[in-house]
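Chemist: sequence first, then the predicted structure, then my questions.
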Amino acid sequence: MSRTIERRLPLIVVSPLFAVSLFFVYGFIAWTIWISFTKSGVMPVYDFHGLAQYERLWATPRWYVALKNLFVFSGLFIAISMGLGILLAILLDQRIRIEGAIRTIYLYPMALSFIVTGTVWKWILNPGLGIEKVMRDWGFEGFTFDWLVNPDFAIYTIVIAGVWQSSGYAMALFLAGLRSVDDEVLKAAAIDGAGPWRVYTGIVLPSLRPVFLSVVIILAHLAIKSFDLVVALTGGGPGFATDMPATFMYAFAFQRSELGVAAASAVMMLATVCAIIVPYLYSELRGARR
């Protein structure tokens with residue numbers, strides 16, 4: 001009896017957590033998917049109604065604004081965060097004296113929540129409080145920086161705040177990858193006459209392919225789920241100029257009482273995340289088997 005309990009102890013310990021996760025994560029995912037096929041409004045209705053909510057979703061102009069903003073934000077956010085991350089990682093890989101200070105400065109934003117980040121940048125970018133006011137107080141009366149209240153540029157303020165928050169995290173991942181490169185290979189390349197540029201572009205960066213893929217996956221996941229940063233910084237405005245799929249879903253679920261449309265948008269977000277995560281997991285598993 002004791003041997004049986006000892007053998008099954010890991011399952012006994014893990015099973016309650018597995019059951020809770022199964023119910024509160026996958027159970028509610030299944031519930032949301034079902035609600036997206038019903039006529040749910042203020043309250044959920046469980047009668048099957050086909051693809052009507054998806055048709056309403058894709059006939060809503062605000063949804064296209066949210067998708068456009070998602071592509072703009074995701075593209076700039078991922079590209080700039082990765083660019084800054086790899087440059088900072090290469091700088092720190094030179095083992096400069098102030099490496100510890102630079103690492104702390106750029107990793108510090110990751111200790112803050114997106115709510116705090118959005119609130120701080122809302123103050124900084126506010127025309128009446130932040131950069132614009134400071135520059136005008138210094139005598140530059142014609143200086144304007146009103147992106148926060150400009151519908152055409154407000155989405156880029158979210159990019160600025162997001163990059164400030166996440167570029168340090170990308171730097172840490174790239175730095176870990178750089179420090180894992182075999183020194184013997186680098187020494188051999190230096191003996192053959194390869195300069196620093198050639199070493200990094202021809203040897204180091206190609207060897208960081210798994211790190212690049214991981215960084216893209218993580219940043220894309222953050223971009224798709226972005227809600228708190230948008231709410232804290234712009235609230236989705238001006239109007240709904242900075243709406244993202246997550247804020248669209250919240251607005252339709254809790255402000256416009258259209259639960260079915262909100263569930264349909266949530267399912268579309270889930271499908272997007274799966275389209276990114278599943279190929280990554282497949283490549284990882286395939287590589288592990290090899």
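Modeler: That came through, no problem. Everything numeric here is computed off the predicted structure, so don't read it as measured data. Numbering: from 1, shown residues only.
Chemist: where does the stretch 1-150 of the chain dip in pLDDT?
Modeler: 1-6, 9 (pLDDT under 70).
Chemist: which of the three states applies to Leu84?
Modeler: helix (DSSP: H, G, I helix; E, B strand; the rest coil).
Chemist: so what's Ser207 up against?
Modeler: 177, 181 (C-beta atoms under 8 Å, 6 or more residues apart in numbering). The way it works is simple: take the backbone N, C-alpha and C, and place the C-beta from them, glycine included.
Chemist: most centrally placed residue in this protein?
Modeler: Leu222 (1.5 Å; C-alpha atoms, centre = their mean).
Chemist: which strand or helix spans it?
Modeler: helix 209-224 (DSSP states H and E).
Chemist: ok so, going back, how much space between the residue nearest to the centre of the chain and Val273?
Modeler: Taking C-beta to C-beta, to the nearest Å as the measure, Leu222 falls 11 Å from Val273.
Chemist: swap in Thr32?
Modeler: Distance from Thr32 to Val273, by C-beta to C-beta: 13 Å.
Chemist: can you check Thr242 too?
Modeler: Going from Thr242 to Val273 by C-beta to C-beta gives 21 Å.
Chemist: so what touches stretch 228-247?
Modeler: Residues contacting stretch 228-247 (C-beta under 8 Å, 6+ apart): 62-63, 65-67, 69-70, 73, 113-119, 121-122, 148-152, 154-155, 157-158, 161-162, 165, 224-227, 248, 251, 265, 268-269.
Chemist: run the last query once more with 7 Å
Modeler: Here stretch 228-247 makes contact (C-beta atoms under 7 Å, 6 or more residues apart in numbering) with 62, 65-67, 69-70, 114-115, 117-119, 121-122, 148-149, 151, 154-155, 157-158, 161-162, 225-227, 265, 269.
Chemist: tell me which of those fall in helices.
Modeler: 62, 65-67, 69-70, 114-115, 117-119, 121-122, 154-155, 157-158, 161-162, 265, 269 (DSSP state H).
Chemist: what comes up buried for stretch 130-142?
Modeler: By 16 or more other C-beta atoms under 10 Å, the buried positions in stretch 130-142 come out as 130-132.
Chemist: need the pLDDT of Pro196.
Modeler: For Pro196, the pLDDT comes out at 69.
Chemist: just the buried residues of the ones in helices among the contacts of stretch 228-247.
Modeler: 65-67, 69-70, 114, 117-119, 121-122, 154-155, 157-158, 161-162, 265, 269.
Chemist: picking that back up, now for the residue nearest to the centre of the chain: which residues touch it?
Modeler: Counting by C-beta under 7 Å, 6+ apart, Leu222 has contacts Ser166.
Chemist: against Ile124, how distant is it?
Modeler: 21 Å.
Chemist: cool, Val65 as well?
Modeler: Distance, Val65 to Ile124, by C-beta to C-beta: 25 Å.
Chemist: could you do Asp243 as well?
Modeler: Using C-beta to C-beta, we find Asp243 at a distance of 22 Å from Ile124.
Chemist: the two - which one has more neighbours?
Modeler: Neighbour totals were compared for Asp243 and Ile124, and Asp243 leads with 26 against 17 (other C-beta atoms under 10 Å).
Chemist: secondary structure element holding that one?
Modeler: Using DSSP H and E, no helix or strand contains Asp243.
Chemist: can you tell me the closest non-neighbouring residue to it?
Modeler: Nearest non-adjacent residue to Asp243, counting by C-beta to C-beta, 6 or more residues apart in numbering: Ala66, 4.4 Å away.
Chemist: kindly report the same for Gly162.
Modeler: Leaving aside its sequence neighbours, Gly162 sits nearest to Phe77 (C-beta to C-beta, 6+ apart; 4.8 Å).
Chemist: equivalent analysis for Val72, please.
Modeler: Ile155 (5.6 Å).
Chemist: ditto for Tyr54
Modeler: Per C-beta to C-beta, 6+ apart, closest to Tyr54 is Ala264, 5.0 Å.
Chemist: fine by me, we can end here.
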